[in-house]
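Undergrad: Task: produce atomic coordinates for the following.
(one chain, ligands or ions: 1)
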Amino acid sequence: MNQYYTRLLPYLERNQAYQTALALLSWDAETLAPPAASDYTAKSIGILSEEAYHILTGDEVQTLLKKLDTKKKQETLTVSERAVVRLLQKEFEKLSCIPAKEYREFSELCANAQSVYCRAKQNASFEDFAPTLEQLIAYKRRFASYRAKKQDNLYDILLNDYEEGFTTKVLDDFFIRLRDTVVPLIKKVVSQKDSIPKEYNSRRFPIEQQRSFCRFLSGYLGFDFNRGVIAESEHPFTTSFHNHDVRITNHFYENNLESGIFSVIHETGHALYEMGVDDTITGTPAGSAISMGMHESQSRFYENMIGRSREFWEPLFPKLKETYPDTLSDVSLEDFISGINKAEPGPIRVEADELTYPLHILIRYELEKEIFNGTCNVSELPNLWNRKYEEYLGITPKSSAEGILQDIHWSMADFGYFPSYAIGSAVAAQIYNYMEQQIPLADYLKSGNMVPIREYLRDNIHKYGAVYPTNELLKKMTGEEFNPDYYIRYLTEKYTALYHELRS
Ligand code: ZN
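TA: Modelled structure (predicted):
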């Protein structure tokens, strides 16, 4: 092994230890920690973040990265080692331009901002969150400007942190196509909205039964309980410390059968990605998913392409009916399949169906662009939000809690993150299209055999962790880079068919 690379390893291990501690604190904050803990935990998070910052930006790491930054030295590294160096270099450049004190203050602010946000959301008062939001934006603006070269757009710098190469230019084209496809489709579907009855979904489904069915479902998809746990939180999410400790959460509503089911399928999709990373890169910067968009492609592949298909439910539906024998006695597999695919505009992103979902992302993207281009003030955001919901989805949120305050991301300073949700859906459609030609997907689903599907994804995506950038990975797998055509076609065909079926 290259001697400079060997000398980097202890720093990587120390960094991993701090990152694990930080991830564990935020997992705890979302699942079990009492509300009064948050201010004190924020302080610890500030200190641990500063320590991690020092590990990665210290002189020794800088010297070693420089030594490794020659073509000759790179040739002595394996493909994964080169990826580790590249990712570390990227992180180093991102962090080292920020003064340590500022970084710590920012980390503390983020940890505090989440409780401020939660209270503001409870009171449906955007004004309560606005001053904190302004501070967060100011920090992100400043941090981006430290890295900006002359002509750089600040929002592009933030976008690049989540999905390399997906600039506003690329995303503008993508979102315009999406908007022009989806908005007219929604109008058609809305005009037929009463044709799909799904009253069954809001009957009473005791939480204990939901919990046990969803756990079964996660295991059915391949969740490894030896390397993962499932807990509950306000909003379902996945966190991974490394590929031997992957955690997901779910949330159950007694009067909503679908919510828990599709959340657990979604989060299991995320978990399978992390669990499938190869052991040779565990604990290194390459030992986790390459990007948020790629991550989301895996969760959406399972949630939508697999989880909403008739083939998937053929072997599973009897088990679902057994779980609720009286409640679902009059519901057929056909009713259920139509119900889980029904599209209906609503104000909440996480409850959105497959068709209306990308418009929620488009709206957040347009707002973030305005924020970082300096074309709108924080105080104007709620009105702008409501106008866009009216324009694209034909609805007006009743309050800021179900409007602009619905999602936690901004309180975590995750600006530039949202587009990954739409990128992920498009990548999922691209992968699905390709996989259908490679393996008998439908047959596996009908026979309840999820193993070959999971193995295929592991061999082509999961095991590589962050070794290859998104476009390189997609090209390696499907023969082409990101191509939204498949997603546009998928949505058009699926919902046009649904619309025609409804008319006949
Ligand atoms: Zn997700």
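
Undergrad: Regarding the one residue sitting closest to the centre of the chain, which helix or strand does it belong to?
TA: Central residue check for the chain by Cα atoms, centre = their mean: the C-alpha nearest the mean position is that of Glu296, 4.6 Å away. Secondary structure from DSSP states H and E places Glu296 in helix 292-300.

Undergrad: Touching, the residue nearest to the centre of the chain and Ile423? I think so.
TA: Yes - with contacts counted by Cβ atoms under 8 Å, Glu296 reaches Ile423, the gap being 7.1 Å. In short, each C-beta sits where N, CA and C put it, glycine included.

Undergrad: Could you look up the SS state of Glu344?
TA: Here Glu344 is recorded as coil under DSSP: H, G, I helix; E, B strand; the rest coil.

Undergrad: so it touches Glu351, yeah?
TA: No - counting by Cβ under 8 Å, Glu344 does not reach Glu351; the two are 9.8 Å apart.

Undergrad: Which one of the two is surrounded by more residues?
TA: Higher neighbour count among Glu344 and Glu351: Glu351, with 18 against 15, using other Cβ atoms under 10 Å.

Undergrad: Let me see the contact set for the more buried one.
TA: Taking Cβ atoms under 8 Å, 6 or more residues apart in numbering, we find Glu351 in contact with Ser259.

Undergrad: what comes up buried for whichever helix in the chain runs longest?
TA: Criterion DSSP state H: the longest helix present in the chain is helix 3-31. Within helix 3-31, the residues that qualify as buried by neighbour count (16 or more other Cβ atoms under 10 Å) are 4-5, 8, 11-12, 15-16, 18-19, 22-23, 25-27, 29-31.

Undergrad: ok, now stretch 152-164?
TA: By 16+ other Cβ under 10 Å, the buried positions in stretch 152-164 come out as Asn153, Leu154, Tyr155, Asp156, Ile157, Leu158, Leu159, Asn160, Asp161, Tyr162, Glu163, Glu164.

Undergrad: go on, stretch 372-384?
TA: Phe372, Val378, Leu381, Pro382, Leu384.

Undergrad: Pick out whichever of the residues you listed sits closest to Pro285.
TA: Phe372 (26.5 Å; Cβ to Cβ).

Undergrad: Tabulate the buried residues of stretch 152-164 (TSV), appending pLDDT.
TA: Converted to TSV, the buried residues of stretch 152-164 look like this (pLDDT from 0 to 100):
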residue	pLDDT
Asn153	92
Leu154	94
Tyr155	96
Asp156	96
Ile157	95
Leu158	96
Leu159	96
Asn160	92
Asp161	92
Tyr162	92
Glu163	93
Glu164	90
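
Undergrad: quick one, what contacts Tyr273?
TA: For Tyr273, the contacting residues are Ala289, Met294, His295, Gln298, Leu457, Ile461, His462, by Cβ under 8 Å, 6+ apart.

Undergrad: give me the number of residues near the fourth one?
TA: Looking back up the chat, that one is Gln298. Gln298, neighbours per other Cβ under 10 Å, totals 26.

Undergrad: Tell me, please, where in the stretch 301-450 of the chain the pLDDT is lower than the cut-off.
TA: Across the stretch 301-450 of the chain, nothing is flagged by pLDDT under 70.

Undergrad: mind listing the helices for it?
TA: Ranges of helices in the stretch 301-450 of the chain, per DSSP state H, counting those that start in this stretch, are 310-323, 333-341, 357-373, 381-393, 419-438, 441-446.

Undergrad: between those helices, which gets nearest to Cys118?
TA: Of all those, helix 381-393 sits nearest to Cys118, with 17.7 Å by Cβ to Cβ.

Undergrad: ok and the closest one relative to helix 357-373, angle-wise?
TA: Between helix 381-393 and helix 357-373, the angle comes out at 140 degrees (axes from the mean of the first three to the mean of the last three Cα atoms, to 10 degrees).

Undergrad: name the helices or strands packed onto helix 381-393?
TA: With contacts defined as 3 or more Cβ pairs under 8 Å, 6 or more residues apart in numbering; DSSP states H and E, helix 381-393 has these neighbours: helix 168-191, helix 357-373.

Undergrad: Using CSV, write out every CA atom in the last one.
TA: To tie it back to what came earlier, the one meant is helix 357-373. C-alpha atoms of helix 357-373 as CSV (Å, rounded to 0.1, in the frame of the first residue of the first chain):
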residue,chain,number,x,y,z
TYR,A,357,-44.4,14.4,-6.1
PRO,A,358,-41.9,16.1,-8.5
LEU,A,359,-43.9,19.3,-8.5
HIS,A,360,-43.3,19.6,-4.7
ILE,A,361,-39.6,19.4,-5.5
LEU,A,362,-39.8,21.9,-8.3
ILE,A,363,-41.4,24.5,-6.1
ARG,A,364,-38.7,24.1,-3.4
TYR,A,365,-36.1,24.3,-6.1
GLU,A,366,-37.5,27.5,-7.5
LEU,A,367,-37.6,29.1,-4.1
GLU,A,368,-34.1,28.1,-3.2
LYS,A,369,-32.8,29.6,-6.5
GLU,A,370,-34.5,32.9,-5.6
ILE,A,371,-33.1,32.8,-2.1
PHE,A,372,-29.5,32.3,-3.3
ASN,A,373,-29.8,34.6,-6.3
